[in-house]
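Trainee: Got a sequence here, can you model it:
(one chain, ligands or ions: 1)
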Amino acid sequence: MADLPRTMTVIAIRAPGGPEVLTPEERPLPVPAEREILVRVRVAGLNRPDILQRQGSYPPPPGAPDIPGLEMAGEVVAVGPAVTRFRIGDAVTGLVPGGGYAEFCKIHETNALPVPRGFSMIEAAAIPETYFTVWPNLFERARLVAGETVLIHGGASGIGTTAIQIARAFGARVIATAGNAAHCAACLRLGAQSAIDYHTEDFVARVGEITGGHGADVILDMVGGDYVRRNYAAAAEDGRIVQIAVSAGALAETDFHVLMRKRLTHTGSTLRNRSIAFKAALLAEVETKLWPLLARRAVVPVIDTTFPLERAAEAHARLEGPSHIGKIVLTVA
Ligand SMILES: NC(=O)c1ccc[n+]([C@@H]2O[C@H](COP(=O)([O-])OP(=O)(O)OC[C@H]3O[C@@H](n4cnc5c(N)ncnc54)[C@H](OP(=O)(O)O)[C@@H]3O)[C@@H](O)[C@H]2O)c1
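Mentor: Purely as a prediction, here's the structure:
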């Protein structure tokens, strides 16, 4: 730590509110504990939960920094005394419970992975949050298998662009929903068989038509609200619905007769509040299952835009708007 600065620039949340509350601040450099590494952040990824945190409705879990940022990539510049996986100079990408919007970020060594071969720091920083969310939800909770049909809501989102590619890579047929023609076209380019504009089309009817009345075997939903009832209607018999967000509302009315008649499973999860040990096991599995696909670019993060760290407010405004496709990231000079 001797030749490192004592302080660093971070993007802090001045008060709950709009993008303008994101403010550069000087903070002390984090000191890595036993099994932690300190990373000089080159790029930090944005995710919708960062907006919820900025607005004050998604506080960091106990012990996590108050600085936003759930993923970042950079070089290791210091290691705790018990670190075995990484050395100073290694290029890593990692999943953190907060603290990514900063010049330096510390992370437990088991929650970081080497940057996939041939990947830029921009691409690497855009991997963790969506890949580590999509894998356990689609393949463990919802038990998606080759040959099944998966309905992915929000197909043009960071999560959606990842989910479409991974589901395709593992042999599923993908139907995606998105909010306009450009977003639908992006879903098709990424491998979706069909894309449904949720503003102009009824996804329940369209899924029925596309699947010849079978329905979706798996549904990945980030919308909630009245989508709960509609997802039950769009699901196949023995279908699995996995809830990863509830942007249209956490309270919903539905018809449980449909759930019983079709023998549906409705589950869900959040990643951020899981333990370091859970994330370590998840990262190890994702490294085995997805890093080889990334290394041969069979799946790649879709980058929408990059902004310098100090323009985080503009980056948030774009993430909140209707235009972006895939991931927005912050670069650190
Ligand atoms: N559970 C977890 O562990 C976890 C982890 C990470 C993220 N998430 C959640 O996953 C969601 C996506 O995150 P992100 O960072 O990828 O966000 P994002 O890029 O901002 O995407 C949000 C998406 O929601 C779509 N959407 C909005 N209303 C919709 C509707 N009625 N029907 C279908 N799609 C709709 C939008 O589609 P259009 O732009 O095409 O209109 C947009 O693509 C967020 O809600 C986030 O909180 C959950």
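
Trainee: Quickly note the distance from the closest residue to Thr84 other than its chain neighbours to Ala280.
Mentor: With CB to CB, 6 or more residues apart in numbering as the criterion, Thr84 has its nearest non-adjacent residue at 7.3 Å, and that residue is Glu109. Backbone N, C-alpha and C define where each C-beta goes, glycine included. Distance, Glu109 to Ala280, using CB to CB, to the nearest Å: 9 Å.

Trainee: Settle it for me: which of those two has more neighbours?
Mentor: Counted by other CB atoms under 10 Å, Glu109 and Ala280 do not tie: Glu109 has more neighbours, with 22 against 17.

Trainee: ok, the more buried one touching Arg87?
Mentor: No - counting by CB atoms under 8 Å, Arg87 is not a contact partner of Glu109; they are 10.7 Å apart.

Trainee: Spit out the residues that contact those two alike.
Mentor: Val79 (CB atoms under 8 Å, 6 or more residues apart in numbering).

Trainee: Next one, pLDDT for the closest residue to Leu271 other than its chain neighbours please.
Mentor: Among residues not flanking Leu271 along the chain, Thr133 sits closest, at 5.3 Å (CB to CB, 6+ apart). As predicted, Thr133 sits at a pLDDT of 97.

Trainee: And the closest residue to the ligand within the stretch 151-300 of the chain, how far from Ala146?
Mentor: Nearest residue of the stretch 151-300 of the chain to the ligand (CB to the nearest ligand atom) works out as Gly179 at 2.2 Å. Distance, Gly179 to Ala146, using CB to CB: 29 Å.

Trainee: Comparing these two, which residue is more hemmed in?
Mentor: Neighbour tally, Gly179 and Ala146, criterion other CB under 10 Å: the higher count belongs to Gly179, 17 against 9.

Trainee: check contacts around that one.
Mentor: 156, 197-199, 322.

Trainee: redo that, cut-off 7 Å
Mentor: By CB atoms under 7 Å, 6 or more residues apart in numbering, Gly179 lies in contact with 198-199, 322.

Trainee: ok, now Met1?
Mentor: Contacts of Met1 by CB under 7 Å, 6+ apart are Ala78.
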